[in-house]
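K.L.:
Prediction below, plus the sequence it came from.
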Amino acid sequence: MFSESGARLEDLDPKFDLKGWAAKQDAVDDETDCQPFRGFSEVTVDIQVPSGEKHQAPTTFSVPGLYCRKLTTLIQDVFAEPLAEKFHFTPFRQFRDIPNISPDAPEAERVERLYSEVYNSDEFIAEHDRIQRLDLHPDDAGCKLERVVAGLMFWSDATHLADFGTAKLWPIYMYLGNLSKYERAKPTSGACHHLAYILSLSNSFQDTIKESHAKWNTQKADILTHCRRELAHAVWNHLLDDDFIHAYKYGMVIDCRDGVRRRVYPRVFTYSADYPEKVLLSTICDKGLCLCPRCLILKEQVHLMGQVHDTKQRQSNTRIYARHLVDMTRQWIYELGYGIRSTAVETILKPTSLVPTQNAFAERLNIEPADILVVDLMHEFELGVWKSLFTHLIHILYAVDTHGALVEELDKRFFRCIFKFSPRLINNLNRFR
């Protein structure tokens, strides 16, 4: 190597030492741009806390420490990165031929529609057609750029950072529905983008508010719950800023990875979260009369779940954001000094489990929160409902046979059924007791 380059060993510095040097790691360090907070900024969000007295202005409480990325800038970066080469800009419908069907049969019997991705769904196709007819901003009149949809998909999940203590984190993630779910599912694909970290009320909040609220001692729990809702939607109000609203209405011009300049219209298609967060995002009361964030089925009708009539009821009684009711009760609370859960407020909001918090998605984007909330199987079934049900079934087996023979037989059957997948899977089910 030295002879080919013309360099000589004696030209090296006498103190030169290769001990501890690894060429592979050195190459990784040179090529990796490790900036975990690149694009993030720290901002302060404000919430209005009612005074509890008539005609007394609410108190503005500033909550610092919101780490977030500007949504429009993040979308521009995503469309320009290498992974964008795999984006689908034009939606389509996908079909397959049903085998063993006569060629003379009607087309409806010979082919079957396939639903597998966001970009081949009816909603994406309809939105793609809709943006083609939208008016442009006067400054962009005459623009002939291709118009495409950016299918935004959000996730959020509060988590504890340690087994002991109160340290926690509440991140918001963003994916693009323009990318195949098989690519998004790869941990190494880089398809997941951190957007923000939702704040929590600081320890000093109670000390500040109790001095300014006339009914703090009797309404403390209601005020804290209300302010937590206000803070979460204040965060989303900040993320859905004026630049994003402008892009939502008129599109944003982006030089995409393939070298084509396009006008991109961001659209929120899904938001996945566990039930407590869905309650927060849809601005409804936790475990109220109407439990579901998407429909108005009453609690006493839940036992009918799965029946044909129940399905029809859920489809015909979808939840619609009642902006006029929320605004009216907020006026009572913030201007007339009504309690957050006073009789007057509860009379208006309780029948549909609403809360007096303005929904950021409905107010800023004029969309129904219920339309973007999707089923989260992991949180809503696998980790909770199914585990509790299965534990209860194990208890029944032990109640029938206290010696545990039935549970041992269950272990054998379970192991026999799943061994074909992997011998590393759980095979001792009685641990769930």
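P.N.:
Arrived safely, thanks for sending.

K.L.:
what's the burial count for Val149?
P.N.:
By other C-beta atoms under 10 Å, the residues close to Val149 number 27. For every residue, glycine as well, the C-beta is placed using N, CA and C.

K.L.:
er, Pro266 actually
P.N.:
Neighbours of Pro266 (other C-beta under 10 Å): 18.

K.L.:
Please name every helix or strand in contact with the helix or strand harbouring it.
P.N.:
Using DSSP states H and E, Pro266 sits within strand 261-272. Applying 3 or more C-beta pairs under 8 Å, 6 or more residues apart in numbering; DSSP states H and E, we find strand 261-272 packed against helix 71-80, helix 122-131, strand 146-156, helix 242-250, strand 252-255, helix 369-372.

K.L.:
Using TSV, lay out these together with mean pLDDT.
P.N.:
Output for the helices and strands packed on strand 261-272, formatted as TSV (pLDDT from 0 to 100):
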stretch	mean pLDDT
helix 71-80	96
helix 122-131	97
strand 146-156	97
helix 242-250	97
strand 252-255	97
helix 369-372	94
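
K.L.:
Check the offset of stretch 187-203 from the chain's centre.
P.N.:
Mean-position distance between stretch 187-203 and its chain equals 10 Å (C-alpha atoms, centre = their mean, to the nearest Å).

K.L.:
Identify all contacting residues around that stretch.
P.N.:
45, 63, 65-69, 71, 74, 78, 81, 83, 154, 156, 158, 168-176, 179, 183-184, 224, 227-228, 231-232, 235, 239 (C-beta atoms under 8 Å, 6 or more residues apart in numbering).

K.L.:
Can you tell me which of the residues you listed are buried?
P.N.:
Buried subset of the contacts of stretch 187-203 (neighbour count, 16 or more other C-beta atoms under 10 Å): 45, 63, 66-69, 71, 74, 78, 83, 154, 156, 170, 172-176, 179, 184, 227-228, 231-232, 235, 239.

K.L.:
Which members of the residues you listed are positioned in strands?
P.N.:
Secondary structure assignment by DSSP state E places 45, 63, 66-69, 154, 156, 172-176 of the buried ones among the contacts of stretch 187-203 in strands.

K.L.:
Among those, which pair sits farthest apart?
P.N.:
Pairwise distances across these (C-beta to C-beta) peak at 29.6 Å, for the pair Val63 and Leu176.

K.L.:
Specify the beta-bridge partners of the residue positioned nearest the centre of the chain.
P.N.:
Centroid-nearest residue in the chain, with C-alpha atoms, centre = their mean: Trp155, separated by 2.4 Å. Beta-bridge partners for Trp155, by DSSP bridges, are Tyr173, Ser272.

K.L.:
Might you report the residue contacts of it?
P.N.:
172-175, 271-273.

K.L.:
contacts for the longest helix anywhere in the chain?
P.N.:
If you go by DSSP state H, the chain has its longest helix at helix 216-239. The contact list for helix 216-239 (C-beta under 8 Å, 6+ apart) reads 43, 45-50, 52, 61, 63, 66, 68, 71, 172, 195-196, 198-201, 205-206, 209-210, 213, 280-281, 283, 339-341, 355-361, 363-364.

K.L.:
Any quick PyMOL command for the buried ones out of those residues?
P.N.:
Remark: buried members of the contacts of helix 216-239, expressed as a PyMOL selection using 16+ other C-beta under 10 Å:
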select buried, resi 45+47+48+49+50+52+61+63+66+68+71+172+195+196+198+199+200+201+205+209+213+280+281+283+339+340+341+355+356+357+358+359+360+361+363+364
